[in-house]
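A.B. asks: here are the coordinates; sequence isn't available:
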């Protein structure tokens with residue numbers, strides 16, 4: 001890289017640091033005066049969440065096909081299933097030929113294309129036999145236009161002419177609910193209690209949680225805990241610390257996701273990942289949990305965005321950081337079929353045997369075993385380290401009283417050499433991961449990483 005290119009890159013990075021600070025603050029709330037978050041179940045910190053789109057998880061597109069693959073998911077290391085909405089889908093004003101599962105026609109019913117209530121009960125029971133939790137997607141901010149609730153116009157958001165509105169102008173297939181009406185609040189709490197009590201689900205993922213007042217969630221939680229004291233509630237939200245003080249157990253780390261996406265697109269340097277993480281750490285109460293995302297139904301597939309090796313590198317980052325990692329619908333085989341639009345409105349099933357992929361399932365299985373074997377990944381601290389290739393490489397320690405893990409990840413497609421700023425590198429040994437070749441002659445603190453390459457080292461802390 002010549003001097004002019006270096007200067008241009010420096011100026012771009014400097015300008016974008018300001019952008020990152022502004023972007024992280026937009027829509028963010030000040031951290032609560034109480035520097036703590038609600039006490040979530042201990043097991044949640046070691047959880048691995050797997051999001052399932054029932055329609056597209058299999059060719060059959062039903063609940064029984066999910067039950068049939070539970071052993072595979074259990075073997076991978078998954079212990080929480082997040083099911084996208086399983087309810088009947090609205091026909092009126094639907095998008096695509098089938099419609100979005102987030103346009104719910106009946107909150108008390110199962111989509112007949114997915115099966116019956118008995119099929120769902122069998123799925124929950126089979127998951128519990130494998131010590132897996134089941135979390136339902138609950139869409140409390142909106143309904144389909146042909147939901148029975150539309151017979152009560154007072155339940156919905158309206159414009160000045162009394163016309164019912166969607167919660168977002170682009171969401172034309174749904175009508176927004178009005179939470180100033182106490183009957184709406186009572187109805188939605190009763191819906192959640194029904195699935196918790198009658199079907200034994202373990203919790204809920206709440207779609208677009210910030211569109212509903214925080215005090216609704218704070219009122220709902222005690223009622224849900226009366227049925228299941230260990231209930232977990234996931235917020236589809238980012239930069240909203242108040243959601244985690246009383247109501248929710250974990251939120252979506254959208255700020256980190258967006259920053260990582262810009263890094264992988266070459267727009268900003270890799271050290272922005274550290275800055276994004278630190279900004280969130282400062283905004284949120286102590287102990288806040290975040291869902292770590294690289295692939296999800298709301299975005300094009302990570303393999304399509306970053307390539308197979310890039311998608312693997314970003315998921316390794318999420319597995320090694322603090323928080324709760326998420327896998328999505330065939331991610332473990334490198335599925336690249338569409339997500340979001342059009343797959344949200346059509347039948348686009350996972351391709352379970354794509355060609356030209358490395359053995360991703362084996363790699364992810366070993367990484368998840370590592371997380372389970374060492375508590376440091378669930379409860380230890382994250383210590384970011386400087387390195388001589390900050391534009392491409394992120395470097396950090398996961399550390400507790402017993403173990404230290406050094407993680408180096410190249411978030412660029414270029415081969416990178418450099419060194420990490422760590423005064424004592426003695427006793428670090430490369431972690432063995434299936435189908436990964438460890439460096440033969442690597443002498444820390446120096447490193448050499450291929451494009452999207454990554455290395456993990458471990459050493460026990462001397463007693």
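C.D. replies: Great, that's in hand. Predicted model only: the values in this text are computed from it and were never measured.
A.B. asks: tell me the SS of residue 215?
C.D. replies: helix (DSSP: H, G, I helix; E, B strand; the rest coil).
A.B. asks: and the residue nearest to residue 41 when sequence neighbours are not counted, how far is that from residue 74?
C.D. replies: Distances taken as CB to CB, 6 or more residues apart in numbering place residue 230 nearest to residue 41, at 5.0 Å, with adjacent residues excluded. Using the backbone N, CA and C atoms, a C-beta is placed for each residue, glycine as well. Look at residue 230 and residue 74: by CB to CB, to the nearest Å, they are 20 Å apart.
A.B. asks: Equivalent analysis for residue 422, please.
C.D. replies: Residue 422 is 37 Å from residue 74, by CB to CB.
A.B. asks: Looking at those two now, which is surrounded by more residues?
C.D. replies: Just comparing residue 422 and residue 74: by other CB atoms under 10 Å the higher neighbour count belongs to residue 422, 18 against 15.
A.B. asks: Let me know the helix or strand that the more buried one is in.
C.D. replies: Following DSSP states H and E, one finds residue 422 outside all helices and strands.
A.B. asks: For it, which residues are in contact?
C.D. replies: 385, 397, 406, 444, 445 (CB atoms under 8 Å, 6 or more residues apart in numbering).
A.B. asks: For it, grab phi and psi.
C.D. replies: Here the main-chain torsion angles of residue 422 (degrees, to the nearest 10) amount to phi -140, psi 120.
A.B. asks: for residue 177, same thing?
C.D. replies: phi -80, psi 150.
A.B. asks: what does the one 4 residues further on give?
C.D. replies: Note on residue 181: backbone dihedrals following degrees, to the nearest 10 are phi -90, psi 120.
A.B. asks: Tell me how many other residues crowd it.
C.D. replies: Residue 181: 14 surrounding residues under other CB under 10 Å.
A.B. asks: what does residue 161 give?
C.D. replies: Around residue 161 there are 5 residues (other CB under 10 Å).
A.B. asks: wait, isn't residue 225 in contact with residue 233?
C.D. replies: No - using CB atoms under 8 Å, residue 225 is not in contact with residue 233; the gap is 10.0 Å.
A.B. asks: Tell me the secondary structure at residue 136.
C.D. replies: Applying three-state DSSP: residue 136 is strand.
A.B. asks: Contact partners for it?
C.D. replies: So residue 136 contacts 83, 85, 86, 195, 201, 203, 204, 205 (CB under 8 Å, 6+ apart).
A.B. asks: the more surrounded of residue 225 and residue 233?
C.D. replies: Set side by side, residue 225 and residue 233 show more neighbours around residue 233, with 24 against 13, by other CB under 10 Å.
A.B. asks: what's the following helix or strand after whatever helix or strand that one lives in?
C.D. replies: Per DSSP H and E, residue 233 falls inside strand 232-235. Per DSSP H and E, the first helix or strand lying C-terminal to strand 232-235 is strand 250-252.
A.B. asks: next helix or strand past that following strand?
C.D. replies: Past strand 250-252, the next helix or strand by DSSP H and E is helix 254-264.
A.B. asks: On the C-terminal side of that next one, identify the next helix or strand.
C.D. replies: helix 271-283.
A.B. asks: Buried members of the contacts of residue 136 into PyMOL, please.
C.D. replies: The following PyMOL line selects those of the contacts of residue 136 that are buried, judged by 16 or more other CB atoms under 10 Å:
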select buried, resi 83+85+86+195+201+203+204+205
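A.B. asks: What about residue 250, how many residues nearby?
C.D. replies: 25.
A.B. asks: So it sits against residue 291, correct?
C.D. replies: Yes - using CB under 8 Å, residue 250 is in contact with residue 291, at 5.5 Å.
A.B. asks: coming back round to it: quick one: which of the contacts of residue 136 sit in strands?
C.D. replies: Mapping the contacts of residue 136 onto strands (DSSP state E) picks out 83, 203, 204, 205.
A.B. asks: Farthest-apart pair in those, please.
C.D. replies: 83 and 203 (11.1 Å; CB to CB).
A.B. asks: and for the two, which residues touch both?
C.D. replies: Residues touching both residue 83 and residue 203 (CB under 8 Å, 6+ apart) are 135, 136.
A.B. asks: Strands of the stretch 351-463 of the chain, start to end?
C.D. replies: Ranges of strands in the stretch 351-463 of the chain, per DSSP state E, counting those that start in this stretch, are 381-384, 393-399, 403-410, 416-419, 429-430, 446-449, 454-460.
A.B. asks: May I see the buried residues of the last one?
C.D. replies: In other words, strand 454-460. Under 16+ other CB under 10 Å, the buried positions of strand 454-460 are 454, 455, 456, 457, 458.
A.B. asks: May I see those organised as a markdown table, with pLDDT and distance to residue 255 added?
C.D. replies: As requested, these are arranged in a markdown table below (pLDDT from 0 to 100; distance: CB to CB, whole Å):
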| residue | pLDDT | distance to residue 255 |
| --- | --- | --- |
| 454 | 97 | 22 |
| 455 | 96 | 26 |
| 456 | 97 | 25 |
| 457 | 96 | 28 |
| 458 | 97 | 29 |
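A.B. asks: Near the nearest residue to residue 296 once chain neighbours are set aside, how many other residues are there?
C.D. replies: In space, residue 296 comes closest to residue 328 once its chain neighbours are excluded; the distance is 5.3 Å by CB to CB, 6+ apart. Other residues near residue 328 come to 24 when the count uses other CB under 10 Å.
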